[in-house]
Structures are given as C-alpha cells and as structure tokens.
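A.B. asks: what follows is a predicted protein model with its sequence.
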Number of protein chains: 2
Amino acid sequence: MSITTKEKRFGIIERYREFLPVTENTPKLTLHEGDTPLIHAASLSAELGINLYVKYEGLNPTGSFKDRGMVMAVAKAVEEGSKTIMCASTGNTSAAAAAYAARAGLRCIVLIPSGNISLGKLAQAIIYGAEVIAIDGNFDEALDIVRDITAKEPITLVNSVNPYRIEGQKTSAFEICDVLEQAPDILAIPVGNAGNITAYWKGFKEYKQAGKMDRLPQMYGFQADGSAPLVYGKPVPNPETVATAIRIGNPASKEGALGALQESNGLIDAVTDEEILAAYQKLASTEGVFCEPASAASIAGVMKQRKQGKIADNATVVCVLTGNGLKDPNIALSTIDGQPETVPATREAVLSLIF
Amino acid sequence: MSITTKEKRFGIIERYREFLPVTENTPKLTLHEGDTPLIHAASLSAELGINLYVKYEGLNPTGSFKDRGMVMAVAKAVEEGSKTIMCASTGNTSAAAAAYAARAGLRCIVLIPSGNISLGKLAQAIIYGAEVIAIDGNFDEALDIVRDITAKEPITLVNSVNPYRIEGQKTSAFEICDVLEQAPDILAIPVGNAGNITAYWKGFKEYKQAGKMDRLPQMYGFQADGSAPLVYGKPVPNPETVATAIRIGNPASKEGALGALQESNGLIDAVTDEEILAAYQKLASTEGVFCEPASAASIAGVMKQRKQGKIADNATVVCVLTGNGLKDPNIALSTIDGQPETVPATREAVLSLIF
C-alpha cells in the first residue's frame, strides 16, 4: 500500500483535545464538525483595499457554527450519564442539538416559539428526530421553561448557558490561526446572544498562551440595528431584524462580549437590515458564498467600518459567516420580485432574453 | 512562530492536480470544494452487520457533489477565454454553475423547467446572481435548447456532457481511498443521469493504476423505481419519484454506468420511494446526517441488498450521499403531519408532553 495518508480529521474533540475539557471517559462523538473553509474573498478584498477572508461555518454538519459547541455539550452529557437533552431555540441550536442527540442515542426535546422559526431549521429538528414542542410565547419564555425543567428533572440543558458550548466554539479561532499561521488583524463577527464572540476571544487568547502565535486580533462585533442592545447600552424588549439568528434583545453572554471588545481594543457597531441584505447578496454574487442573513452582518460591518477609516489599508480581516444560506431559502427568493419569467420552450424565446 | 501548519486544503484542483487536466494556465479556482466527511455510520453498521460509511457530499460549498465537476468545468472555461456559461438544470447543477461563475466573474445563464425545482436550489441560483430562465417545457427540452444555443454562440455548455465535469467528480473516489487507506469493498451510489457512477469508477481505476491501492470496489448503483431506465433496460418517458435529483428517464452517461457495473462485477437495482424516504429518515434520526431524498437511495439500496444476501458480513461499504437535505426542507416537513403542536407557555403544559 503506497497511499500517502492525508491528515485525517475526525472533528474538534479529537483534533483539539489538549485545549478542551476532555477526559478518557469522554466519548469520541463527532459528525466531522469544524475544519470549515477559510475562503479568500478576492473581489471584495480588491474593492475594499483590505485582505479579506470569510470563515464559512455554514459548512458544518448541520449548517451552522453551533455544531462545535453542541458536540462538546452532548459528549459531556453522555459522559455524565444523561439520557435526555433539552433546549429552547429559534433554529440553529435546535438543529445541532437534534443531530448530535441522534448520533449519541439521546432523547432530544426542543422548545420553539410558535410560528417564529425558519423552514430549514424546523425541518432539521424534525428529521433528526427531536421532539419539537411549540409554545404560545417568545424565545425568552421558552428558555425560562427549559431552565426551570432542567433544574429539577434529570435532563441536560444544552442552551449556551451550558459552559461546554463555549469550549467547543472556541476551536474556530484555532483553525483560523492554523491556516493563516498567525492571528488576523481583525476578527469580525455577528453578535446576537454574544456567546460566539466570547468563544472566539477565549480561543485566540488560549492559542497565544500556548505559544501558537505571538499576537491577538482586534474583535469587531456587529449587531442588527433593530436588535443592538450592546451597541445602544440597554436591553431591547422587542428586537426586530431580518437577521433572525441574531434577533436577541438581552444577550446571555453580554459580559464575555464586553470583555473581548475592551481587552482587544475592538469595537461594536450596528448595521441596518438594508446593509445586511446588500452584503448578503454581494457576497453570494461576487464570491459565490451563500450565508444566512445574520452572517452577513459581519461583512456589512466591515464595509461600513472600512469606509469610516476604522480599518487600515491591507489589513487582514476574517469575517465569521455563522450559518448556511440554505437554512432560510425564502429570504434569498424575496430578493427578486416573484418567480423567474416563464417563456415558451424555443431557442428563439430563450435567445431573446440572452442577447 | 510555532504554529504547526496543518495540511492546508484549497479545493480539488490544487489537491489532485496530477490526476486532472490542469495546465499552468488553468486558474486556481476554488470554493474549497471536496474533502467532504467520510462518516462512520455506527448504528446502521451494527444493525446491518456491515462496516458502513457515508460520504457526505452535502457539505460541499453549494451543498452537492456537483461542485467537484463544476469547479473544473468553470476553470477550463476561464482558461479557454469564455465569458459566459450555460446549463439546463432542475437544481444542483444550476446552483454549482451559478456559484463558480460568480467567483470566476463569468456570466451564468440557467434554463429550468417551469415549476419543477426545489425551493433551496432555486434560491441558490438566484442569490449567486445567475440569470434564471424558466421554460414552459421539461428538462429534456431545456437541455436541447441549451445544446443548440451553446453550439452556435460563444457560450460554454456546463451540463454533464462537458467532459471536465466527470474529471472533477472522480476526486471523491480518491478521497475515500485516502481516508480508508484502501478501496472499500462496495461503493453504493444513487444513479440518475449516471455521470457520478461513471466518475467514481474512473477515479478508482486511476488511483489503482497510480499504485495508491491494490484493489477496486464493486460498484452498486441504485435508481428510484419510478425512474429506473438502467434497471429495466429501457428509457422511461415520464419518470416519477420523490427523489427529484435522480428523476431522469434517459441517462446521458448510460454507457459509463454499464461499463462500471460490468467491470467491477457490480449490480444495479431499484428502490421504491417508500424505501428511499424510510432510509432518509433513518439516517437522520440514527446517525445525525441529513441528506437529499435522492442521496438516500444508496442507503435504501444497501439495506435491501444486505437483506437479500448480496453483501457479505462485515463488508466495508461506502454510500455516497450526493446532496444536503437543506436543499429541499419541504420533504422533511412532509414526514410529519402538519406543524408541531402548540401548547401554552407554562412549565406544566410542557412537562405533560415530556413525561
């Protein structure tokens, strides 16, 4: 046999176990999450005069960055003898919880706010076999019920207050540094519940501490203008934005986010839904990368900050794209008016539209 | 700097250039396609008494195996000076063509049969910026028009009759052998237009020829029963199946498929829509892997053949999962009756559903 064995990748627990709370009893659970592409955005780099990459987390197994944290949370639940996990979610969390529970043979119960979840995300929770319960209330109420039940019953809470979630999520920072062989100048990231910015910053600090690189990035967080509690300095009772994955008015990891911004000499800013959707379309049509609207907040934010002179010429900037555009196809379809025009099945009819 | 550089992956053209028709003038086009997970299906392996892996091609950049062939076809179009590409498609091909055209700065024109394309796939073509033209006709008519126009105009045809498509697609066979450090005993694959089974077989033969391994797999192809021209030995005028990505009545690569079956001592068989949907659900709910219905034909076929004694105990079997389940969320939703039940936002109401 002369195959040159390529480096085999079996997910984040095996790849980064020295940085994770893993014991010899932690199961080697994986759906091959992580190791997502760091794609150079050549057209946008040229247009903006910077060196721009996107970290395409939409290519995780269930289509979002949540898989990194969920594989850790579910592996530890198994290690601790749990048979059931539970979460409140409007989408990506429930998809990840349902998939890893299926793989680990656990029961998974998901509480969703009635009528407030994207088509793709609901489809995922159902097909992975989760028990989906819709409540006549909002996300905050769903989370309250989940916290109450899991505090009293033998059920493991896997919302982001579960500390293993952040541990898993920090591995994306490791991957960025592994590929660039250094930290970027700026890490730009959408901010909703603020767990992800907290996790990236923790990852960068730990990797520097371990001697893997000699500097840290500045952390630039971006919220949707209708859902920007950290930008405006107070909770938003009824957050509204097309970027549903970051429609959160009172972030659970607020302190972590503020710490990352301060320690890294970073910044937080708001972008409008119009700026988000423009960036979403531009990224797909110029770079060929299709992300969730919430993900595009990082691109929109970088475009805005660069125009305002807050990003230096030729700076290396990594924008985190948190989820796959296929999660919410209706948003993409809404960017055009109605369906494509239908013409007769003739060469002439088609040619008349081309030339 | 003490970062240990991991093997960096920049897509199939760079990784496997010695096996591809690449020149020094071929652009290094990539969206980091390929290197998709080969996931061990532990539960199904135990249940079936075999050693089963799934090659999850749904984690390619646009969510299907088509990216492998399309990156080659578009790179060669650029190399040859083309400014416009065109295809007929009911879905995955148009998404891949649109994404790589966007990245390469080419114009992309897609002909679709009116009203016969999944939500996710249409959303992709539109957001990546393709010009989508719906014709009042079926896929075969769309392809006829595309072939006619591209034969006379300076537009590159990127349907699977473009030979670079097969070249790119064969790289998935390389990856399977790289991970297993050998060919599997059986490669099971859905068969629609038959280009993919042709490409895998070509890949396995070339890798063996290059001394990368010392044996070849048996090729097991599976068609949907309502669209099984190769199983029943004649074209199907009006193919019908829930597995839309393989709803093709007269496969373009019929000869390649028949050659692979004969040379590998393989087999081809049909599976019903019921068997496909059962496999689709079972894979998601036991392994945590969500694929397109068409992809599940490979799982359904292996389950059927194993029951019939056509697969040996403990055989190493790789099932190709051609596309991501998020491409068609409505199929997943249709596996349950209606929406999840909505209950009052109280602990008691939720608990009554759990225990």
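C.D. replies: Nice, I can see it. Numbering: from 1, shown residues only, chains lettered A, B, ... in the order given.
A.B. asks: who in the stretch 151-300 of chain A is up against chain B?
C.D. replies: Neighbours of chain B within the stretch 151-300 of chain A, by CB under 8 Å from any CB of the partner chain: A:153, A:177-179, A:181-182, A:211-214, A:280-281, A:284-290. Placement of C-beta: from N, CA and C, glycine included.
A.B. asks: just the buried residues of those.
C.D. replies: Burial by neighbour count, 16 or more other CB atoms under 10 Å in any protein chain shown: within those this picks out A:177-179, A:182, A:212-213, A:280-281, A:284-290.
A.B. asks: can you give me the helices in the stretch 151-300 of chain A?
C.D. replies: Using DSSP state H, counting those that start in this stretch, the helices assigned to the stretch 151-300 of chain A run over residues A:163-169, A:171-180, A:195-209, A:229-232, A:254-263, A:273-287, A:296-307.
A.B. asks: how about CSV for the ones you listed, with mean pLDDT added?
C.D. replies: Converted to CSV, the helices of the stretch 151-300 of chain A look like this (pLDDT from 0 to 100):
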stretch, mean pLDDT
helix A:163-169, 97
helix A:171-180, 97
helix A:195-209, 98
helix A:229-232, 97
helix A:254-263, 97
helix A:273-287, 97
helix A:296-307, 98
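A.B. asks: which one of the ones you listed is the most hemmed in?
C.D. replies: Stretch with highest mean neighbour count among those: helix A:296-307 (a mean of 25; mean count of other CB atoms under 10 Å in any protein chain shown).
A.B. asks: run the angle between it and helix A:273-287 for me.
C.D. replies: Here helix A:296-307 runs at an angle of 90 degrees relative to helix A:273-287 (axes from the mean of the first three to the mean of the last three CA atoms, to 10 degrees).
A.B. asks: I'd like the next helix or strand past helix A:296-307.
C.D. replies: strand A:316-321 (DSSP states H and E).
A.B. asks: partner strands of that next one, with direction?
C.D. replies: Strand A:316-321 pairs in its sheet with strand A:51-56 (parallel), strand A:186-190 (parallel), by DSSP bridges.
A.B. asks: which of those strands sits most buried?
C.D. replies: Ranked by mean neighbour count, those are led by strand A:186-190 with a mean of 29 (mean count of other CB under 10 Å).
A.B. asks: give me the contacts around it.
C.D. replies: When contacts are defined by CB atoms under 8 Å, 6 or more residues apart in numbering or on different chains, strand A:186-190 is touched by residues A:173, A:176, A:196-197, A:200, A:204, A:217-223, A:243, A:245-246, A:294-295, A:297-299, A:301-302, A:311, A:315-320, A:322.
A.B. asks: which residues of the stretch 1-150 of chain A score low on pLDDT?
C.D. replies: Along the stretch 1-150 of chain A, segments meeting pLDDT under 70 span A:1-9, A:116.
A.B. asks: can you list the domains in chain A?
C.D. replies: Domain assignment for chain A by the TED database gives A:12-64+A:164-335, A:65-157.
A.B. asks: now tabulate the ones you listed in a markdown table and tack on distance to B:Leu261.
C.D. replies: Formatted as a markdown table, the domains of chain A follow (distance: least, CB to CB, whole Å):
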| stretch | distance to B:Leu261 |
| --- | --- |
| domain A:12-64+A:164-335 | 30 |
| domain A:65-157 | 32 |
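A.B. asks: B:Glu275 is nearest to which of these?
C.D. replies: Of all the domains of chain A, domain A:65-157 sits nearest to B:Glu275, with 16.7 Å by CB to CB.
A.B. asks: what about the closest one, distance to the chain center?
C.D. replies: 16 Å (CA atoms, centre = their mean, to the nearest Å).
A.B. asks: and it, how far apart are its ends?
C.D. replies: Domain A:65-157 has an end-to-end distance of 18 Å (criterion: CA to CA, to the nearest Å).
A.B. asks: do the same with stretch A:77-96
C.D. replies: Across stretch A:77-96, the terminal residues are separated by 14 Å (CA to CA).
A.B. asks: what do you get for stretch A:144-158?
C.D. replies: With CA to CA as the measure, stretch A:144-158 spans 13 Å from end to end.
A.B. asks: residues contacting that stretch, please?
C.D. replies: Counting by CB under 8 Å, 6+ apart, A:70, A:73-74, A:77, A:80, A:82-88, A:93, A:97, A:109, A:111, A:135, A:159, A:161-162, A:165, B:345-347, B:350-351, B:354 sit against stretch A:144-158.
A.B. asks: A:Ala270 touches A:Gly233, doesn't it?
C.D. replies: No. The pair A:Ala270 / A:Gly233 is not scored as a contact, 11.6 Å apart, by CB atoms under 8 Å.
A.B. asks: between the two, which is the more surrounded one?
C.D. replies: A:Ala270 (21 against 7; other CB atoms under 10 Å in any protein chain shown).
A.B. asks: residues touching the more buried one, list them.
C.D. replies: Neighbouring residues of A:Ala270 by CB under 8 Å, 6+ apart: A:Phe222, A:Gln223, A:Ala224, A:Asp225, A:Ala228, A:Val231, A:Tyr232.
A.B. asks: closest to chain B out of the residues you listed?
C.D. replies: Comparing the contacts of A:Ala270 against chain B with CB to the nearest CB places A:Ala224 closest, at 19.1 Å.
A.B. asks: could you give the bridge partners of the closest one?
C.D. replies: In beta-bridge terms (that is, DSSP bridges), A:Ala224 pairs with A:Val271.
A.B. asks: neighbours around it, how many?
C.D. replies: With other CB under 10 Å as criterion, A:Ala224 counts 31.
A.B. asks: please report how far it lies from A:Leu122.
C.D. replies: To A:Leu122, A:Ala224 is 22 Å away according to CB to CB, to the nearest Å.
A.B. asks: same question for A:Lys152.
C.D. replies: Using CB to CB, one gets 28 Å for the distance from A:Lys152 to A:Leu122.
A.B. asks: what about the two, which has more around it?
C.D. replies: A:Leu122 (24 against 10).
A.B. asks: confirm for me that A:Ala134 is in contact with A:Val110.
C.D. replies: No. A:Ala134 lies out of contact with A:Val110 (CB under 8 Å); the separation is 9.5 Å.
A.B. asks: ok, these two, which is more surrounded?
C.D. replies: Between A:Ala134 and A:Val110, counted using other CB under 10 Å, the more crowded position is A:Val110 (30 against 21).
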